[in-house]
Each structure stands twice: as C-alpha cells, then as structure tokens.
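**Student:** With the input below, show me the fold.
(one chain, ligands or ions: 2)
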Amino acid sequence: MKSIGARLAICYVLASTVTFASLFLAGRYFVEHHAIHALDLLNQSEFEQIRASQTALGTKPSEAELRKRVQAMMSDKLELFFTEIYGPAGTVVFRSPGLHGRDMVPSPRHQAFNVDVGGLGELRAGKFALGPYTVVVATTKEHVRVVMTAYEHTFYGLLIVMIAISSVIGYGFSRMALRPLRLIQDTADHIRSDNLSERIPLSGARDEISDLARLLNQMFDRLEASFDQIRRFTAEASHELKTPLTLVRLQAEKLVVDGQLTPAQEQAVQIQIKELAHLNRIIEDLLFLSRADARAISLDLRPQDPEPLLQNFAQDAHVLAEHRQQRFFLTHHGSGKAAIESKWIRQVLLNLLSNALAASPPGSRVTLRSTLVNQCWQVRVEDEGPGVAAEQRERIFERFVRIHRPGDEDKGSGLGLAICRSIVELHLGHIFAEAGPDGRGLSMVFEIPAVTPSHTAGNIPFNAPLHSTDAA
Ligand SMILES: Nc1ncnc2c1ncn2[C@@H]1O[C@H](COP(=O)(O)OP(=O)(O)OP(=O)(O)O)[C@@H](O)[C@H]1O
Ligand SMILES: [Mg+2]
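**Tutor:** Residues are numbered from 1 along each chain as shown. Ligands and ions are numbered 1, 2, ... in the order given. Okay, here's the model as predicted:
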C-alpha cells in the first residue's frame, strides 16, 4: 500500500479492534463465570431445602421414606431442578421424573460439574452428601446460554459500530499526523529552478518533522545560493566575453577589407568571422536566458490583436521558406486581443520557423495556424519533417539539447527552444511540442492567455510579475 495515511488509519482500526476483542473475551469469561456460580448457589440452596425436609427422619432415613419426602417436595419444581439420589451401594434411590430415566452420573472429582443429558441439553449439577446418600441437584444452563448469546450479538453490533467510528477517527488522525508532511510536499512541489525563494513554513513546535523542514529549508538556501552564483557567472561571463569578441571580429573584418591577404588566408579569415558570429549569437542567447532566469527582462505587454503581427511575419516567412525551396502558409481564426510584446513574439515565431524549415525537406510545407478563441491565443507551427520521438519532445526545450540526424548540416546551438520557452512563459503562456497532423512532422504549439473584452481598453488583466527593471 502506497499511502502512509491509509496504513496509519488501518493500523489504528486494527489496534482498536484487537483491544475491543480482548475486552470482549475477558468480559465474556467473567459474565459466564458469574452466571454459572449463581447456578451453583441455586443448586446448593435447593439441596439445603432437601436436607431440611429430611431432618425429622434422623441421620439414616430409609430409602422409601427418603424417596417419598423428596417426591413430595419436588412436585412443584419439576421444570426448575432435577434431582437424583444414590444409595450407599450406588443404586438410584430417587430420580426426578423430568429426567425421563436418564442418568446424571456424578463427577467423581468435582463438587460442581456440567452434564449433558440427552433431550435436556447441558445442565449444571452439584453433588452433595446426605448421610449415607449422595444427592445430585441440577438445573438447566439454558439461561446462561441465552445471556451469552445476547452478549455476543451485542458485541458484534458494537464491533461494527466501533470499526466504523475508528475508521473515521483513524483517517482524521492520519490526516492530522501527515499535515506537516503534506505542507513540505506542497512547498517542495512549488520550488523549481526559477522559484527557489519559497520556503517550507515552520511551526513553533520542535519535533522530528519541523527538524526535517528546517533541514530542507537549509538545503534550499544552499541551492538558491548556488543557482544565483551560476546565473551571475553566466551573465557576467557572457557580458565580459562580448567586448573582446567584437574586437576580434572587427580586426578580422579589417584584415579582409585591407585586401592584403592571399586567397587562402582570406578564406581562413572568413571562416573565423563566421564562427565568431556563431559564438556571438550563443553569448547573446546565454545572456538572454540568464537575464530571464533572474527575472531581469522587462516586457512591455500590451493587449493587441495578433493578426497584423502575423501578417507581417508571414511576408518574411515566405521569403525564408522560398530560400529553402519550401512553402509557407498562414491561417488565423477568431478575434480578440492578447497581452504581448510584438518583438519577442516575433522572435519566438522566427525560432520555430527556422527549426521547421531546417528539419523539413525541400518541397515540403510549413503551416502556421493561429486561433484566438476561448480566451486563449494558440499558435501551431506544423512542418513535414522527420518529427521528434515522443520521449524527446520535452527534452528539446532544454539548453544545448540538439538531436543529431544523418546529413544534418544546420549548426544550431540548441538554445533556440529554451529561449522560446522563456519568452512564452514571460507572457504567462506555455509551449510544447507534439506530433504533427496525421502523425507526420512536428507541431510546435504555444498558448498565451487572451485578454477578455472588458479589459482590452485598459491594462493587462493579470498582475504580471514581469516588469522588473533590467538588472543584468
Ligand atoms: N520542427 C522540428 N522538427 C524536428 N526537430 C526539431 C524541430 N524543432 C526542433 N527540433 C530539434 O530540437 C533541437 C533543439 O532545437 P533548438 O531550436 O533549441 O536548437 P537548434 O535549432 O539546434 O539551435 P538554435 O536554435 O540555438 O540555433 C534541434 O536541434 C532539433 O534537433
Ligand atoms: Mg532552433
């Protein structure tokens, strides 16, 4: 069983049931014991009455007189007591008619004993000495049986009620006991690399769980410090690299412009310039990502109709697609506004388009489908390329993750989709990849909340925590 809460509740119910059952067994023993003791006392008092009726006959009454007296005495108690009198030789002197001739053989060892007489059920009997005679007085145990059966029925009824009540109490108890753990789980769930400042709330109590929460908070402190250090390092290193890199590129370009290089040297310098441009782009991308991580990107989100932006983007997209002998299509449905900053959305669209074009063969088509309905602006960029295996579709949004395919010439850095995700999330949206229509190619989808009409005239309807100052 997975849930500790369920296990705790079950243990509680089991413990309560075992305790209750033990109490029942002990109670049963005492009640039965007392009821049988009461029967023994009844038998004893009945014998006392027989003895009292015989005192006039002396210490050694004859068998006939004894029988006569006992018979007279017993006639009004036929159903209650059964009596048998044995003579000194073991012969039966008297037997109650209720016994119908059946024997109650007295136990040689016990003064009081149980005897099962066919037809009468179990009887409780007492053996007493009356001069040379042995008197056995017995009474039925039926009443004890009835009491014990009622006792058992009451127990089973109470057991069901007790299990129901203890299940409720056990469930409540386990929830209460696990509440601090759930609090830890909820907080740990929220804490991600971009949200390391949250901490587990600590209660005043100093117990094992609050010690654990304290330890986890200390670990989050250390993690946050390390992450900050890495972010600062990436931001600073990217920034510091930019100037020398620009200088090197300018020097290389100057060499080419001066025209004093041999063709082989010029070719080498051109390669250097190309690689420097590539390196420069990586540095720009890293700088962007570290600023986005540090929430130091300031977005000017304005509610606007995305259609003009899409039409404008489509003009460039047609040219880029034609350059690769591919075709670009744009569809847009719905109307409304979304809170966006055009330049960033354009960058996302360009990244997605360049990926789609790079992945698709010549002659294929890339389609951008935009829909603005149900308070959501959804954009899908569909291509006819090889697609991405389902298990890799989330990984490609990680930094520097690239899927190498045979004949892959495009020298990307694997940062494009990570940047797209940062930008879309800064717009309070999300982005994901899925299989293309009919399972062919890949569909990159991003969704950004649309602005409800009542908000379109004023500010953005959500309190975007994005407008921090540019700190990097
Ligand atoms: N439409 C697509 N079809 C197939 N694979 C894709 C598609 N888009 C992205 N990918 C895969 O995801 C990887 C990561 O894409 P991403 O845009 O992050 O990096 P990149 O294009 O390689 O480099 P960069 O964009 O930084 O120049 C790509 O290398 C590619 O393998
Ligand atoms: Mg890319």
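**Student:** Can you tell me the element residue 369 falls in?
**Tutor:** strand 365-373 (DSSP states H and E).
**Student:** Could you name the helices and strands sitting against that strand?
**Tutor:** Here strand 365-373 touches helix 306-323, strand 327-334, helix 342-359, strand 376-382, going by 3 or more Cβ pairs under 8 Å, 6 or more residues apart in numbering; DSSP states H and E. In short, each C-beta sits where N, CA and C put it, glycine included.
**Student:** Can you give me the buried ones in the first one?
**Tutor:** Going by neighbour count (16 or more other Cβ atoms under 10 Å), the buried part of helix 306-323 is 306, 309, 310, 313, 314, 317, 321.
**Student:** any bit of it sitting next to ligand 2?
**Tutor:** No. Using Cβ under 5 Å from the ion, helix 306-323 never reaches ligand 2; the gap is at least 13.0 Å.
**Student:** Give me the helices and strands touching that helix, please.
**Tutor:** On a contact count with 3+ Cβ pairs under 8 Å, 6+ apart, helix 306-323 meets strand 327-334, strand 337-340, helix 342-359, strand 365-373.
**Student:** can you pull the contacts of the closest residue to ligand 2 within the stretch 351-472 of the chain?
**Tutor:** Ligand 2 sits closest to residue 416 of the stretch 351-472 of the chain, with a gap of 2.8 Å, by Cβ to the ion. Going by Cβ atoms under 8 Å, 6 or more residues apart in numbering, residue 416 touches 285, 351, 354, 355.
**Student:** what residues does the chain put near ligand 1?
**Tutor:** Within the chain, the positions near ligand 1 by Cβ under 6 Å from any ligand atom are 351, 355-356, 359, 383, 385, 387-388, 396, 401-403, 412-418, 442.
**Student:** In helices only, show me those.
**Tutor:** Mapping the residues of the chain next to ligand 1 onto helices (DSSP state H) picks out 351, 355, 356, 359, 416, 417, 418.
**Student:** Give me the average confidence score over the host helix or strand of residue 157.
**Tutor:** Element membership for residue 157, per DSSP H and E: helix 142-190. Averaging pLDDT along helix 142-190 yields 90.
**Student:** Helices of the stretch 151-300 of the chain, start to end?
**Tutor:** Taking DSSP state H, counting those that start in this stretch, the helices of the stretch 151-300 of the chain run over residues 208-258, 263-293.
**Student:** Which among those is found nearest to residue 29?
**Tutor:** helix 208-258 (41.6 Å; Cβ to Cβ).
**Student:** Compute the inter-axis angle for that closest one and helix 142-190.
**Tutor:** 20 degrees (axes from the mean of the first three to the mean of the last three Cα atoms, to 10 degrees).
**Student:** quick one: average confidence on helix 208-258?
**Tutor:** Averaging pLDDT along helix 208-258 yields 88.
**Student:** Stretch 329-348 now?
**Tutor:** Computed over stretch 329-348, the mean pLDDT rounds to 94.
**Student:** Can you give me the end-to-end span of it?
**Tutor:** 17 Å (Cα to Cα, to the nearest Å).
**Student:** can you tell if that stretch touches ligand 2?
**Tutor:** No. Figure legend: stretch 329-348 not in contact with ligand 2 (Cβ under 5 Å from the ion); closest approach 10.9 Å.
**Student:** which one of the ones in helices among the residues of the chain next to ligand 1 has the most neighbours?
**Tutor:** Ranked by neighbour count (other Cβ atoms under 10 Å), those have residue 356 at the top, with 28 neighbours.
**Student:** Can you report how many residues lie near the residue lying closest to that residue once chain neighbours are set aside?
**Tutor:** When the adjacent residues along the chain are set aside, residue 356 lies closest to residue 383, with 3.8 Å between them (Cβ to Cβ, 6 or more residues apart in numbering). Neighbour count for residue 383, taken as other Cβ under 10 Å: 26.
**Student:** For residue 383, give its distance to residue 429.
**Tutor:** In this structure, residue 383 lies at 21 Å from residue 429, with Cβ to Cβ, to the nearest Å as the measure.
**Student:** And residue 390, by the same measure?
**Tutor:** In terms of Cβ to Cβ, residue 390 sits 22 Å off from residue 429.
**Student:** name the helices or strands packed onto the helix holding residue 157?
**Tutor:** helix 4-54, strand 121-130, helix 208-258.
**Student:** Give me the distance between the shortest one and the centre of its chain.
**Tutor:** Using Cα atoms, centre = their mean, to the nearest Å, we find the averaged C-alpha position of strand 121-130 to lie 66 Å away from the chain's own average C-alpha position.
**Student:** Please save the CA atoms from that strand in PDB.
**Tutor:** What follows is strand 121-130, C-alpha atoms only, in PDB (Å, rounded to 0.1, in the frame of the first residue of the first chain):
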ATOM      1  CA  GLY A 121     -29.300 -30.100  26.900                       C
ATOM      2  CA  GLU A 122     -26.400 -29.100  29.200                       C
ATOM      3  CA  LEU A 123     -27.200 -29.000  32.900                       C
ATOM      4  CA  ARG A 124     -25.200 -27.600  35.800                       C
ATOM      5  CA  ALA A 125     -25.100 -30.000  38.600                       C
ATOM      6  CA  GLY A 126     -23.900 -30.100  42.300                       C
ATOM      7  CA  LYS A 127     -23.100 -33.200  44.200                       C
ATOM      8  CA  PHE A 128     -23.900 -33.300  48.000                       C
ATOM      9  CA  ALA A 129     -23.700 -35.900  50.800                       C
ATOM     10  CA  LEU A 130     -26.800 -36.500  52.800                       C
END
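**Student:** Just checking: what are the partner strands of it?
**Tutor:** Partner strands for strand 121-130, per DSSP bridges, with pairing direction: strand 112-117 (antiparallel), strand 133-140 (antiparallel).
**Student:** and the angle for the last one with helix 4-54?
**Tutor:** Using the same axes, to 10 degrees, one finds that strand 133-140 and helix 4-54 are set 140 degrees apart in direction.
**Student:** Make 11 the first number, not 1, from now on.
**Tutor:** In the new numbering, first residue 11, that becomes strand 143-150.
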